[in-house]
Structure formats: structure tokens, C-alpha cells
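S.K.: Any chance you can model this:
(chains A and B)
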Protein chains: 2
Amino acid sequence: MIDNPFYSHEFHGDYDLFSVGALDLEDGGTIPDCRLAVATFGQLNAAKDNAILITTWYSGTHQTWRDIYIGPDHALNPERYFIVCVNQIGSGLSTSPHNADGVNAGIAMSKFPHVRIGDNVVAQERLLREHFGIDRLALVLGGSMGAQQTYEWAVRFPDKVLRAAPIAGTAQNTPGDFLIAQIMREATQSDPGWAGGEYRSNADVFNGLVREAHIWGVVGLSTEFWKQEVWRVLEFETKDAFLTGFLEPYFTAMDPNDLLTQSWAWQRGDVARHTGGDLAAALERITAKTFVMPIDEDQLFPVRDCRAEQELIKNSELRVVEDVLGHLALFGIAPTYMPQIDRHLGDLLATDA
Amino acid sequence: MIDNPFYSHEFHGDYDLFSVGALDLEDGGTIPDCRLAVATFGQLNAAKDNAILITTWYSGTHQTWRDIYIGPDHALNPERYFIVCVNQIGSGLSTSPHNADGVNAGIAMSKFPHVRIGDNVVAQERLLREHFGIDRLALVLGGSMGAQQTYEWAVRFPDKVLRAAPIAGTAQNTPGDFLIAQIMREATQSDPGWAGGEYRSNADVFNGLVREAHIWGVVGLSTEFWKQEVWRVLEFETKDAFLTGFLEPYFTAMDPNDLLTQSWAWQRGDVARHTGGDLAAALERITAKTFVMPIDEDQLFPVRDCRAEQELIKNSELRVVEDVLGHLALFGIAPTYMPQIDRHLGDLLATDA
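M.R.: Residues are numbered from 1 along each chain as shown, chains lettered A, B, ... in the order given. Coordinates of the predicted model:
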């Protein structure tokens, strides 16, 4: 158990911890007491048919969703919907390597088991059913790893998902994307301070996390982002100031083992696990009205990869989001980003399902 | 002086070492005895108007040019042209950190000075004039850092360059590309074995070079390369076998300081140094018939960056090369690559100039 102030209410505001009990994992092992950090917005109606589930991305929490995506002026309107944002296992807020204590002490740090996208979705389904009595979701959505979870939901529990919006992510991770996550992992794990996962403080892995931040600067953004100096909209005066004032502090505040838990799952996201490797057969199971929403400049999940999957989903549309930030457009920095998201999600929520 | 068998005639075949004497460098410092490793093909004619200069890319030498690009069946035909391929300073064959000895012993290893693209071109011009008596070049070309040198030639010595073919590279390095080179540098320099550049053997930096190789696997190739399993054309059976059997041995055979010398120059390639930062004014100096030849899937030097420069060159054409390998298409692995190169270079050589 490491005390990391980044993962606190002071930093992340309100959220609740719910236990879903012991979680047996797809790759073996068990989380003895799996606790999920959950932020909710709005009220569940009597019919329990206005629930929206948001899943989180690598390094992300409910925070960006709360601050950027959710509000009375957005499609994700808490005056109309009951919005449940579940931080993934390993997010640092839910059960994670750095915070495993008590009955979870045996899986702390380097002893944390491998967790898959599917494990997260199993835990989320249990949470929604047991704690909220929710059996069907008006919409499941998420970006990046959240898109992976969204696809997993739609394939695994087709009857429970009326609409799905995977943003900037794929149902089956590509080998190129696996390698992208791998070079990030290697940046962190090559830091002698990582010590095989048994560091005393995330500060011991500062250099490795800085290198990971720089890799995100390359693959998470776009060459056009740098060329157009888009970082100026965030009021940085130089490229280096943006690196040292934004990307580096973002990652160095986090826990390396938590990030590694997430990226291990990211690398292996694949709904075709349910169909013996047949991606088309897996996507055919989806009954949800699905808007596949890649970002045009995304290097991690290029439009063509997302389109290839969308074409295998019967009740789907391709809705490309234009943003020069590339993958990290998900942060909602460009003023043109949220209007697109709201239009697409608004259209999706307006469809009969 | 480190004895690295990769940089040898056994491995690289025939080449000659020519001294261009002391080379004063743009960023300060001097190479006391600058030796350039040069491979030539064909014969210089009596009029001395059939000379072609090839410059080399990061990590590359004359080897790939000799084996893939040059031959009687290619546009770079040694039966017609006198082709001079000059390995860049820091290439490991020309004067480089790892081989600096004798009068160069004072600049060995970590003491090697910063060398720019412009320094290379100054040395090459001196070589051609003093050793070969060549005053004008029928064509200057190169890929990647070789494209940077090509642009430098065309801007710096416009009267000496009749035709220019910068392939997969820019005249002014973009900030995004600077960062790409930076994450490669950090992969190597973060290896404790690098020891600030004072390692005993490149094997001491094996892990860092492996990490660099993996970064090349991400940014040097393309997600489509991995998705389509194009590595199968090289007769590897798995993705990992390609990594461990091709990319890793390619980089781990090399000298880290030599690579770092090259990437420092790569990061700062910019013809606008000659015009107070005005790129348009610099490119306006070019009188050569110029074919700008980006590769469609290149992540380092995207087509749009190359096109933006091409539009500033008066006597130019944009010739896009299609290759799913992305930047590393330069190796000429895809059977569809060389026919495109030969067609474009053939067209260019056929123009009056």
C-alpha cells in the first residue's frame, strides 16, 4: 500500500467505493475483495431504464468525464439520465496494485494478478445489478480502453446493452497497438527505480514515467498537433513547457504498477475470445444500436481499423470525430471536440432501441 | 576506439576512406581529421557531368543503396552514371564517436562534437571537389536524413545540384519528428550501460538499443504493416520472431554514440538556418529540378509535411511512393517499392536540367 495523493478525493472529488466481492479472473487468480470506484450523476428513474454506463481509459478516471462530457448542456445529461462512471480495476481509485491492503494485501504491487477487459465488465455488470438493480443500459460508452470495455459489454451481454458508443478504440486490439503499449511499458519497466514492481514510491520511477509521457507525446498526439502548436490553446508558451508542464506531470503523478495493470489489459482487449478467435462472429452478437466513433488523427486506433469492425456490426454507423490532437482528443481540449461528441451521442440516444 | 565488427569491410563490402582534413563544425568544435567512407559505382565520364551523389539515412550506410537501389536494371545505373555514396559523419564507417582514434582521439565517445546536416554537406562538397574534381551533380538524393542532406545541398549549393530527389524526409524537421527522435534517444540513454557515452562495448547498451528497436517498430513501420503481417514476406513466422530476428539485431549491432550523433543532426535538420528562419526563402533558392518523394504511410515525414515544402519549390513535383511499411519502406522490402522508385528517378533523370 503506497500513499499516493493523486488517487484521493482531494484530487478526484466525489466518488463511492462499492465492493463486488471476490472476483475470479479470466487469466487465473482472484481479487479477494474487488472494490470499484464509482461516480454517479443524475437519478435512476422508477422504470430503471435511463441508466448510462461510462467506462474509463488508460490513465483516466471519472474526472475528465465529469468535467468535460457530462452536464445539462451535453448529450450526457444528468437531468435526464442516471450516469454511472466506473473506474476500471487498476485505475488507482478502484482496487489496484498500489492500494491493495487488508484482505487484498496478498495481491499488492508486483503480486497483482493479470486483469482483462472482460474481468472489468464482469465486475461492472455485478455492480450495476447488485447495487443499483440495473438490468439494461440505455447506453454504454467509453474512449480507448473504455471503447474496449464497451465492445466487451455489447458482445458479452447483448440483451443488457441498448446502445453502444465505442470512441477511439477497437473490439480487437491490433498487433500494432499492442506494440505501442509495449514501448510504453518498457519505458517504465526499464527504470531501475521500478525494481520489478517493488518500488517504495512512484517518485522512484519518475524517469521512466517521463519517458512514457514523451512516448504519449508522439503516438498519443499527432505530428500536426506539434506543427500547428496546438498546445498554445492550453496557454503554454513553448513545446517544452507543454511537455514539462502538462504531459510529464500528468503521468509522473500516477502509479507505475497501476498503469502497467491497465496496459496489460489494453494489449489483450479482444471480443473474439468469446468466439474462438472469430471476430466477425463476435461482433455479430451485438444487438445494440452502435455508433463507432474513431478520431481521424488517432494513431493508436486508426479510422480504418475502426471502420473494418463497424462494417461487421449490423445495427451500426461510423461517426468519425475530427480532431488534430489524435488519440488524446479524448481530453476534450479542442473547442470543436465536444460539439461533435454531443451531436453523435445525441443522435444515438434519440434512436429507438 | 571500440572494435565493433558491424562497421567493417567484412560486413559492408568495399568502400574507401577519404580524408577531407580538419572540419570546423557549425555548432563549434572541429573534427581534426574528418574521414568519409565512400562507395562508388560506375565511371566518371570525361565531361564529369554524370555524377550522382547519394547521402545516407539514420543507422544506414551505402549497403542498402548498393544492394537494393543501384544496378544496371535500376534508374541508378552504374553503366551510365558515376554514383558516389557518402556515409554520413557518425555513421560508424566515416569518422564517428566509436572509431575516433589517432589525431581524432580527443573527440572519441562522449567527447564527440555536435555535427549538423550542414556539416555533412560541407564535407561532401569538399570531398567531391578535391578528390573527384566534381563541380556539378546530375542528381543528389537520399532517404530520411539523406533527404535532409539533399535539401541542404540544393539550398546551400544551388549551382552544383541539377536535380534533387529527397525521399521520405523534409527540408525543415518538424517538432513532432524532433520528439520521435527524442524518444529513441531516451530509450538508449536511459540504459545504465550507456554510462553517459563511456560504455566499453555496444553490448553494454543492449537493452536500450532493443527498446529503440521496438520504438522503430511502432513509428518506423505502420499499424497496417503489423495488421497485414507483412513481416511474412521476410519469412518470419511470428511478429515476435520479426522483432527479435530483424529489428532487434539490426539496432543492437550498432554503436549507441554513433546513432546519437546522427539523431542529434536529424532533430535539427533545417535549411531555413540559411535564411534567418524563413523556410520559403530557403526553398526559393533551389534551382534543381526536384522530385519530392514522401511515402504514403510514413509517420515520421507525413505526405502533408512534404507537400507543404514541395509547394514552395519552383521547379518541383510531388511523387508519392505507396508502401505499407511506412518510413522503413526505404529498405526496399516490398516488391512494389523499387519499381516506383525507379520510375520516379528515371523520369527525373530524363528531364533537362
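S.K.: switch to C-alpha atoms for all contacts and neighbour counts from now on
M.R.: Fine.
S.K.: confidence score at A:Ala353?
M.R.: What the model reports as pLDDT for A:Ala353 is 76.
S.K.: Domain ranges for chain A, per the record?
M.R.: Taking automatic domain parsing as the domain assignment, the ranges for chain A are A:9-173+A:269-350, A:178-261.
S.K.: Redo those domains as TSV? Include mean neighbour count and mean pLDDT.
M.R.: Converted to TSV, the domains of chain A look like this (neighbours: other CA atoms under 10 Å in any protein chain shown; pLDDT from 0 to 100):
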stretch	mean neighbour count	mean pLDDT
domain A:9-173+A:269-350	21	98
domain A:178-261	20	97
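S.K.: For chain B, find the nearest of those domains.
M.R.: Evaluated with CA to the nearest CA, these place domain A:178-261 nearest to chain B, the distance being 4.7 Å.
S.K.: Briefly note if that closest one comes near chain B.
M.R.: Yes. Applying CA under 8 Å from any CA of the partner chain, one finds domain A:178-261 touching chain B at A:179-180, A:183, A:186-187, A:190-191, A:211, A:214-215, A:217-218, A:222-227.
S.K.: Of the residues you listed, which belong to helices?
M.R.: A:179-180, A:183, A:186-187, A:211, A:214-215, A:223-227 (DSSP state H).
S.K.: Quick check: the farthest pair among these?
M.R.: Among these, the pair separated by the greatest distance (CA to CA) is A:Glu186 and A:Lys227, at 27.3 Å.
S.K.: interface residues of chain A facing chain B?
M.R.: Residues of chain A lying near chain B (CA under 8 Å from any CA): A:174-177, A:179-180, A:183, A:186-187, A:190-191, A:211, A:214-215, A:217-218, A:222-227.
S.K.: how many neighbours does A:Phe6 have?
M.R.: Around A:Phe6 there are 16 other residues, counting by other CA atoms under 10 Å in any protein chain shown.
S.K.: My error: substitute A:Pro5 in the last question.
M.R.: By the criterion of other CA under 10 Å, A:Pro5 has 12 neighbours.
S.K.: Specify the local secondary structure of it.
M.R.: Per DSSP: H, G, I helix; E, B strand; the rest coil, the secondary structure class of A:Pro5 is coil.
S.K.: so it sits right up against A:Phe11, yeah?
M.R.: Yes. The pair A:Pro5 / A:Phe11 is scored as a contact, 7.5 Å apart, by CA atoms under 8 Å.
S.K.: Nearest to chain B: which residue in the stretch 51-200 of chain A?
M.R.: The minimum distance from the stretch 51-200 of chain A to chain B, using CA to the nearest CA, falls at A:Gly176 (4.7 Å).
S.K.: can you tell me which helix or strand that residue belongs to?
M.R.: Counting by DSSP states H and E, the element that carries A:Gly176 is helix A:175-189.
S.K.: outside of that helix, which residues touch it?
M.R.: Residues outside helix A:175-189 that contact it (CA atoms under 8 Å, 6 or more residues apart in numbering or on different chains): A:194-196, A:205, A:207-209, A:211-212, A:215, A:219, A:256, A:260, A:263, A:266-268, A:300-301, B:187, B:211, B:214-215, B:217-218, B:222-227.
S.K.: chain center to that helix, what's the gap?
M.R.: Counting by CA atoms, centre = their mean, to the nearest Å, helix A:175-189 is centred 17 Å from the centre of its parent chain.
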